[in-house]
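Trainee: Pasting the sequence and the predicted coordinates here, then a few questions.
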Amino acid sequence: MKEDGTLTDKSGNAYYSAPVGYEPTNQGDKYGKIDDAIGEVLYRVGDLDPEDYLTSAYSGGTTLFFYSTDIDLPALWEMNPSLCYLCEQETNIITICTIGDGSKSGSVDADKEVMEAITSRMQNAIETGNSESIWPRGDVNETYQLKFYSEQWPAFYYNLTLAVCGGGTYLYDRQFKICINAEDLLAPYYEASAPEVSSTDSAAEADI
């Protein structure tokens, strides 16, 4: 790996290291190792073409995620997300509920309106540089992750941090260091929700 974070494999495929916020949706078969002192093992992302995407062993928000230099990653609002997973971060990723399929709210349309409101507000805040709150906050009661998924971009989630605080509920984008007030948009989803544990797959190895 080069100092700028780019990676080239023995076949000449070149990759960028994705900015914080982008996380792989799946850990597939082992693909190779990074040729450095650590020797980090890299994996395919599910069954997707390894010339396009690679990932390190899944570790939540700290996972190394690489994408081809021929790909332009979309911003959150450009993804056109169809689902959003509300998660807790513990030893495993614990999914509280899914937003987008109507399973919690009873309405796919209502879920869609919530996702559109979040992405629109975050887009406006990022483009104007207008953070609506300090971060980190000192009155946090609960912290969750929102993992946005798009069928158009099946290799990754875009992750926002959700903080339920004494003074309100806030969403934070770690890439742009922007915080917005989520008001009560997400309260019906995280209140009194039963979690289910999800895990990643792993699998044989070659040098990269």
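Mentor: Cool, the structure landed.

Trainee: Where does pLDDT dip in this protein?
Mentor: 1-5, 36-38, 60-61, 89-92, 192-208 (pLDDT under 70).

Trainee: Let's see that with 90 instead.
Mentor: 1-6, 8-11, 33-40, 58-64, 88-95, 136, 191-208 (pLDDT under 90).

Trainee: for the longest helix along it, packing partners?
Mentor: In the chain, assigned by DSSP state H, the helix with the most residues is helix 108-128. Secondary-structure packing of helix 108-128 (3 or more C-beta pairs under 8 Å, 6 or more residues apart in numbering; DSSP states H and E): strand 83-89, strand 93-99, strand 140-150, strand 168-173, strand 178-181. All C-beta atoms are positioned from the backbone trio N, CA, C, and that covers glycine.

Trainee: Can you give me the buried ones in that helix?
Mentor: Asp111, Val114, Met115, Ile118, Thr119, Arg121, Met122, Ala125, Ile126 (16 or more other C-beta atoms under 10 Å).

Trainee: Would you reformat these as CSV and include distance to Tyr22?
Mentor: Below are the buried residues of helix 108-128 laid out as CSV (distance: C-beta to C-beta, whole Å):
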residue, distance to Tyr22
Asp111, 22
Val114, 22
Met115, 18
Ile118, 17
Thr119, 15
Arg121, 20
Met122, 15
Ala125, 19
Ile126, 15
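
Trainee: of these, closest to Ile99?
Mentor: Set against Ile99, the nearest of the buried residues of helix 108-128 by C-beta to C-beta is Asp111 (4.9 Å).

Trainee: now the top strand by length along the chain: how far from the chain's centre is it?
Mentor: When the chain is parsed with DSSP state E, its longest strand is strand 153-165. Strand 153-165 sits 4 Å away from the centroid of its parent chain (C-alpha atoms, centre = their mean, to the nearest Å).

Trainee: other SSEs contacting that strand?
Mentor: Right, strand 153-165 is packed against strand 22-24, strand 65-68, strand 140-150, strand 168-173 by 3+ C-beta pairs under 8 Å, 6+ apart.

Trainee: Render the CA-only coordinates of the second one in PDB, please.
Mentor: Spelled out, that is strand 65-68. Extracted in PDB, the C-alpha atoms of strand 65-68 (Å, rounded to 0.1, in the frame of the first residue of the first chain):
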ATOM      1  CA  PHE A  65     -12.700  -0.900   2.400                       C
ATOM      2  CA  PHE A  66     -11.100  -0.500  -1.000                       C
ATOM      3  CA  TYR A  67     -12.700   0.400  -4.300                       C
ATOM      4  CA  SER A  68     -11.400   0.500  -7.800                       C
END
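
Trainee: partner strands of that strand, parallel or antiparallel?
Mentor: Strand pairing for strand 65-68, determined by DSSP bridges: strand 14-17 (antiparallel), strand 53-56 (antiparallel).

Trainee: Would you reformat the helices and strands packed on strand 153-165 as JSON lines and include mean neighbour count and distance to Ile34?
Mentor: As requested, the helices and strands packed on strand 153-165 are exported to JSON lines (neighbours: other C-beta atoms under 10 Å; distance: least, C-beta to C-beta, whole Å):
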{"stretch": "strand 22-24", "mean neighbour count": "23", "distance to Ile34": "16"}
{"stretch": "strand 65-68", "mean neighbour count": "22", "distance to Ile34": "10"}
{"stretch": "strand 140-150", "mean neighbour count": "18", "distance to Ile34": "25"}
{"stretch": "strand 168-173", "mean neighbour count": "21", "distance to Ile34": "27"}
